[in-house]
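> generate a structure from the sequence data that follows.
(2 chains)
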Amino acid sequence: MLPALRPAVLLVDDDPTLLSVLARRLAREGFDVRTEPSGQAALKALDRSWPALVVADLMMPGMDGFELCRRIKRIADLPIIVLSAVDAGEAKVRALEEYAEDYITKPFNPDELVARIQRVLRRAPAGRGQVTLDQGELEVDLVRRQVSTPAGTQPLTPTEARLLQVLIGSLDRTVPTETLLDRVWSDADGADPSYVWVTVRRLRRKIELDPDDPRYLLTDRGVGYRLASSAALAGGVLDGS
Amino acid sequence: MEPVRPSLRLFLLFLLVAVPPLAAFAAVAALEPAWLDRFGAGTVLLVAGLLTALWAGTVSIVAGRGFLGDLREVLTLAERGRPGDGSAAPVDLERGGALERLGAALDERNRQIADLAGQVRRMPIQADPTAVARAGVRPARSVTHDPTWTLAILRSPAPDTLRTGEYTGDEAGDEAEIAPLTDVHRWASTADTADARDGDSSAARVAGGPWGAFAIVEVVAGEELRAILLAPWEGRPDPSRADLELLRLLGQQSATAIEHALLVGQLREQAEELARLSAIQVDFLRGVTHDLQTPLTSIGAVASELGKTPGLGAEARTDLDTIAHQADRLRRMVAQLLVVSRLEAGALQPRVEVFRPEPLVQRTWDALRENDRPFQITSSGPAYLVVGDPDRLEQVLWALLDNAVKYSRPGSGIEVALSSRGHGESMLAEIEIRDQGMGMSPEAAAQAFDQFFRADSARRMVPNGSGVGLHAARGLVRAMGGEIALRSELGQGTTLIITLPAEPVEEPAEPAAEALG
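Purely as a prediction, here's the structure:
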C-alpha cells in the first residue's frame, strides 16, 4: 500500500535538464514532485516538509550526494535513491549503501527509476535495522546487510536483505510468495516464484544450521514463507490460527 | 733460498749429536784394534763415554742458541696461529696446549663471522639509505668490540637522500647527527692505499698520518658511492690479516646495502609517481564519464518522453526513437570503457543476484534493433537461475551480440543456446552465442580476449572499433565467478561460450510444515 495517494518525491540534481525531464516523467506517474538544484537547497526544503522519498545525484558541486544522504538520515529516516555515475564497484557507493535504499547508475532509463521508486515505497517502512532472534542465536543487521549465527557472520545481497526485511515486518506470520515477489523484486526484474524459491534456499544456507531442516525460515507449502522468531516456534504454533 | 723450518733444524741438531759417537762405536766393534785388549774393555768404554759427553756438550754450546730459538718459535707460532692467517707458517699441531688455543681462536672467529652474518641478515630492506648507512656501522663495532667506528660518506649518488658526512650509527639518530666531513676523513680517503692497489675498491688497512693511526675500510659501489669506515687505531696492535679480511667483507656488505637502499628508494619514487599518474587517469576517466553520463541520461530521457507525446507524426516518432537508441549505444560504450578502467584497478565487484537468463538475452537483443536478422534462443537442461549480476551480464551479452552482428553478413542468423549442467551447488549455466560470420584464424582466436586486440580481418570488415569488448566481457564474466571461451574457424562463424554459476529451480521441501499436517 502506498503511504499517500500522491506520494511526494524530492529530486535533487545539479543538471537542470535531467531534473525537468525526470520531474515531468514522475509527475505523469502520479507523484507529487519537488526539485532542488543542490544539496544545501534540498536540506532547506526538508525544513519545510518531508517527502515520502528522496532521489539524489551522487556527484554534485558543493555538497555531494554522499554528504546529503548522511545529513538527511540525521534529520529523518527517509528512503533515498541515489543516482550515480559510478557503480557498485566503487568504495564510495558501498559506503553509501548504509544510507541509501537503492541506487541507479547513470545513464538510466526513466522507466527503471519509476520502477525502483515504486518498489522502495511499496516496501514496509524501514523500521528496525537490527533484529535479534532466538535469544541471540540469529542476528539480522539490515543496515550493514549481514546475518550472524553461532557459525559466523555472512553478508547478505540486497535482494536477500529486502526479503528478510519483508519477513521481519511480518514476524511469525506467513507472507505469501506473491507478496514477496511484489515487494522484493521490481516489475522490470521479470521475477517469477522460482526467484523466491532459489533466494530462500540461498538465504537458508546463510542463516540455518541445517539448510535442509530449517528452524527460522520456514515454508508453508503452497502459501508462502515465514520467519520464526525462535526455533521453539518453528512448529508453527502461531501460524494458521 | 727458503729458510729451513724450525722443526727440521731441530731434527738435524739431534742427528749431529747422536751420529758421530754411534759411528765411532760401530767402527771400534767392527775393526777390533789391538789396543782394545791392551787397555781393557772397561777403560775403553769409559773413555768413549767421556768423549761422547764432550761432543754433545760442544754441539749444545755451539748450537744451543739456535735450538732454544727454534723451540720458542714453534710455540709462539702455535699460539698466534689463527685460521685464515696466511702470514704464519704451518704449525706442527702435535702440541696439546697450542691445539687448544687454536681451537678457541677458531671458535672466537666463527662467532664473529656468525655475528656479522646475523647483523647483515637483520638489516631491514628499506628505502632510507641514511638508516642503512647508520646500520652499517654497527657490525664493525660489534665485531671489533670497538665503539669508535664511524662511517664517512665521501661521495653520494643521491645527495638528497644520502648526505655526505660522518654517520655515527647511533639508534636514535636524526638529521642533526650527520657531522660534516673533516680533514681526517679527507686524509683517510687518500691515505696509503697499498692494500687497495689495482682497483681493489674494498680494502681494509691501518694507516698512520698527522692525526695518528686509523683503521680504514673502503665502502665503495660503482663510480658514484664512496665511503669509508673509520676507527682510531693509535697504540693498538695491528689487526691480523684475517681481521682485515673480515672488515673488508663488512665494507663490501655495507656498500651493497646502501646501494640497494638507494635503488629501493628510486623504485619507490617511481612507483609513487606511477600511482599518482594512474590516479590522475582514473580521476580523469571518472570525470569524463560523469560529464558524458549526465547528458546521455538527459538525451535518452527527453527522447523517450517526447516519443510518448500524443499526436506525433510517424517520422518524428522514428527520429526520436533513433535518438533514444543511439544515446543507449553511447551509454553502453561509456559503460564498457568504465569496466576496462575498473578491471585495471581491480575494483570490479558485481552484485550477486539470481535471475532467469532468457528475458535478459531477449532484452539485450531487442536493444540492438537488428529486427531484420533471424534470431533464436533455445533452452535445454533442467530449470535453473543464473547466479550473478544481471546488469553486468547484460553488458557482456550486448558486447558479444554486437560483435556477432558487426562481423557477419547482414541477414545471417544468430543463435543463443541456453543450457545447464551439474546439479545442486555445483550447477553451471552455459550461454552459447553462435554467429555465421567471418570467423577468426587460430592466431586471432588466441588473442581475441586481449585488450585493444583487433584481428586484421576484423579491421578490414569494420575499420573502427575499440578492441575492448571481448576484454571487458571476459573481465566481467570472471568477476562473476564464471569463464568465457571462444570457438571459431575462419569463414565458418564464431561461437562464444559463457559459463556462470547457477542454482537449480525446485520449490524447497518443508519437513516442518509436513509434520504439522
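> count of neighbours near the residue of the stretch 201-350 of chain B found nearest chain A?
Nearest residue of the stretch 201-350 of chain B to chain A: B:Thr297, at 3.6 Å (CB to the nearest CB). Glycine gets a C-beta too; all of them are placed from N, C-alpha and C. By the criterion of other CB atoms under 10 Å in any protein chain shown, B:Thr297 has 28 neighbours.
> excluding chain neighbours, what is closest to it?
Leaving aside its chain neighbours, B:Thr297 sits nearest to A:Pro107 (3.6 Å; criterion: CB to CB, 6 or more residues apart in numbering or on different chains).
> and the gap between that neighbour and B:Pro147?
From A:Pro107 over to B:Pro147 the distance is 72 Å, taken as CB to CB, to the nearest Å.
> more neighbours, those two?
A direct count of neighbours by other CB under 10 Å for A:Pro107 and B:Pro147 places A:Pro107 higher, at 25 against 14.
> pLDDT at the more buried one, what is it?
In this model, A:Pro107 is scored at 73, pLDDT.
> now swap in A:Ala23 and tell me
91.
> hang on, isn't it packed against A:Leu11?
Yes - using CB atoms under 8 Å, A:Ala23 is in contact with A:Leu11, at 6.0 Å.
> any shared contact partners between the two?
With contacts taken as CB atoms under 8 Å, 6 or more residues apart in numbering or on different chains, A:Ala23 and A:Leu11 have A:33, A:35 as neighbours in common.
> neighbour count: these two, which is higher?
Per other CB under 10 Å, whichever of A:Ala23 and A:Leu11 has more neighbours is A:Leu11, with 26 against 17.
> packing partners for the helix or strand encompassing the more buried one?
Take DSSP states H and E as the rule and A:Leu11 turns out to sit in strand A:8-12. Under the contact criterion of 3 or more CB pairs under 8 Å, 6 or more residues apart in numbering or on different chains; DSSP states H and E, strand A:8-12 touches helix A:16-28, strand A:32-36, helix A:39-48, strand A:53-57.
> deepest-packed of those, please.
strand A:53-57 (a mean of 26; mean count of other CB atoms under 10 Å in any protein chain shown).
> quick one: average confidence on stretch B:376-383?
Computed over stretch B:376-383, the mean pLDDT rounds to 92.
> could I get the full set of helices for chain A?
Shown for chain A, the helices assigned by DSSP state H span residues A:16-28, A:39-48, A:65-75, A:91-96, A:110-122, A:158-169, A:177-184, A:193-207.
> what comes up buried for the third one?
Using 16 or more other CB atoms under 10 Å in any protein chain shown as the burial criterion, the residues of helix A:65-75 that qualify are A:65-66, A:68-69, A:71-72.
> what values do phi and psi take at the residue nearest to the spatial centre of chain A?
Nearest to the geometric centre of chain A sits A:Glu101, at 4.7 Å (CA atoms, centre = their mean). In terms of degrees, to the nearest 10, the main-chain angles of A:Glu101 are phi -70, psi -30.
> pLDDT wise, what is B:Glu2 at?
For B:Glu2, the model assigns a pLDDT of 49.
> how about the one 10 residues further on?
The score at B:Leu12 is 81. That number is its pLDDT.
> ok, now A:Val93?
At A:Val93, the predicted lDDT confidence score is 61.
> cool, and B:Arg197?
At B:Arg197, the pLDDT value in this model is 42.
> by mean pLDDT, point me to the weakest helix or strand of the chain.
Since no chain was named, I'll use chain A. Ranked by mean pLDDT, DSSP states H and E, the helix or strand of chain A with the weakest confidence is helix A:91-96, at a mean of 62.
> the chain in question should be chain B.
Ranking every helix and strand in chain B by mean pLDDT, DSSP H and E puts helix B:511-516 at the bottom, with a mean of 43.
> show me what contacts the closest residue in space to B:Arg163 that isn't next to it in sequence?
Spatial nearest neighbour of B:Arg163, chain neighbours left out: B:Ile178 (5.5 Å); criterion: CB to CB, 6+ apart. Contacts for B:Ile178 (CB under 8 Å, 6+ apart) come out as B:130, B:163, B:165-167.
> out of those residues, which is most surrounded?
That'd be B:Tyr167 among these, by other CB under 10 Å, with 25 neighbours.
> hang on, isn't that residue packed against B:Ala131?
No - between B:Tyr167 and B:Ala131 no contact is recorded; they are 9.7 Å apart, counting by CB under 8 Å.
> show me what contacts the residue of the stretch 201-350 of chain B closest to chain A?
A:18, A:106-108, B:331.
> what would the residues you listed look like in CSV with distance to A:Arg162?
Shown next, in CSV, are the contacts of B:Thr297 (distance: CB to CB, whole Å):
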residue, distance to A:Arg162
A:Leu18, 27
A:Lys106, 23
A:Pro107, 25
A:Phe108, 19
B:Arg331, 27
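> just these now: which is nearest B:His423?
Using CB to CB, A:Phe108 comes nearest to B:His423 of the contacts of B:Thr297, at 37.0 Å.
> can you tell me the helix or strand for the closest residue to the closest one other than its chain neighbours?
Ranked by CB to CB, 6+ apart and with sequence neighbours excluded, the top spatial neighbour of A:Phe108 is B:Thr297, at 6.3 Å. Using DSSP H and E, B:Thr297 falls within helix B:241-307.
> immediately after that helix, which helix or strand?
The helix or strand immediately downstream of helix B:241-307 is helix B:314-345, counting by DSSP H and E.
> show me what the helix or strand following that next one is in contact with.
Reading on from helix B:314-345 to the C-terminus, the next helix or strand found by DSSP H and E is strand B:353-355. With contact meaning CB under 8 Å, 6+ apart, strand B:353-355 is reached by A:157, A:159, A:189, A:191, A:195, A:198-199, A:202, B:385-390, B:503.
> what does stretch B:35-52 give?
Under CB under 8 Å, 6+ apart, the answer for stretch B:35-52 is B:21, B:24-25, B:28.
> using pLDDT, spot the least trustworthy of the contacts of strand B:353-355.
Least confident of the contacts of strand B:353-355 in the model: A:Asp189, at 78.
> ok, now which ones touch the closest residue to A:Pro16 other than its chain neighbours?
Distances taken as CB to CB, 6+ apart place A:Pro37 nearest to A:Pro16, at 6.8 Å, with adjacent residues excluded. Contact analysis of A:Pro37 by CB under 8 Å, 6+ apart lists A:12-14, A:16, A:19.
> columns pLDDT on top of these, output as a markdown table?
Output for those, formatted as a markdown table (pLDDT from 0 to 100):
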| residue | pLDDT |
| --- | --- |
| A:Val12 | 94 |
| A:Asp13 | 91 |
| A:Asp14 | 88 |
| A:Pro16 | 88 |
| A:Leu19 | 90 |
